[in-house]
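Student: Fold the stuff below for me.
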Amino acid sequence: MDIQSTKRSRVLTITPGGGRSYQMAGALAIYLADGEETSDSYSISEWWLDARQSGPAPHSHDVNDDIFYVLDGTMTFYIQGQTIEAPKGAFIRIPAGVVHGIGNNSDSRAGVLNIFIPGGFEKEMRHHGPL
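Tutor: Below is the predicted model:
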C-alpha cells in the first residue's frame, strides 16, 4: 500500500513477500525502498543466500556506506581481506571505500537487511531483471 502525500514525503508500506526481487551473484535481493521512493537518499533491501552460497564478490563503493543487520542465520562478510561470521542480530557498518563482500558459509539459509546510503545501488540491479 502506498499512501500519497507529496512525492518526497509519501508513506510506503510493503506487505510480507512484497518488494522487487532480483537474482544477483548467488543472492536473492528484495528491494523494499529505493531511489524512486527516497529521492535517492537511501536504499533498503533484503539479501538472502542459501547454505554454502557465495554472494556479491568483494567490491567497494566510492561514496556509499553499506549498513547490514543479520535477519536470520549466519552471514559471512569479507571486509578488507578479513572474514567475519556474523550471526542473527549482528550489525555491521561498512564505510565508503572499504572493500567488502558477502556470502553464506553455513549449512542454513541466511539473510541480511541492507541500508545503502545514499541510494542508487538498485539501478545496478535493473540489468539483472526482476524475478
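Student: C-alpha only now, for contacts and for neighbours.
Tutor: Will do.
Student: Next one, pLDDT for residue 119 please.
Tutor: Taken from the predicted model, the pLDDT recorded for residue 119 is 75.
Student: Test my guess that it contacts residue 43.
Tutor: Yes. Counting by CA atoms under 8 Å, residue 119 does reach residue 43; the two are 4.7 Å apart.
Student: the more surrounded of these two?
Tutor: Set side by side, residue 119 and residue 43 show unequal neighbour counts under other CA atoms under 10 Å, the larger going to residue 43 at 24 against 21.
Student: Which residue is the nearest non-sequential neighbour of that one?
Tutor: Setting aside the residues directly before and after it, residue 43 is nearest to residue 34 in space (CA to CA, 6 or more residues apart in numbering), at 4.1 Å.
Student: try residue 18
Tutor: With CA to CA, 6+ apart, the residue lying closest to residue 18 is residue 32, at 7.6 Å.
Student: again with residue 59
Tutor: Leaving aside its sequence neighbours, residue 59 sits nearest to residue 99 (CA to CA, 6+ apart; 5.0 Å).
Student: residue contacts, the one you found?
Tutor: For residue 99, the contacting residues are 58-61, 78-81, by CA atoms under 8 Å, 6 or more residues apart in numbering.
Student: Could you pick out the buried ones from those?
Tutor: Buried positions within these, assessed by neighbour count (16 or more other CA atoms under 10 Å), are 58, 60, 78-79.
Student: that older thread, which residues touch the residue nearest to residue 43?
Tutor: With CA under 8 Å, 6+ apart as the criterion, the residues that contact residue 34 are 40, 42-44, 119-120, 122.
Student: same check, this time on residue 44
Tutor: Residues in contact with residue 44 (CA under 8 Å, 6+ apart) are 31-34, 113-116.
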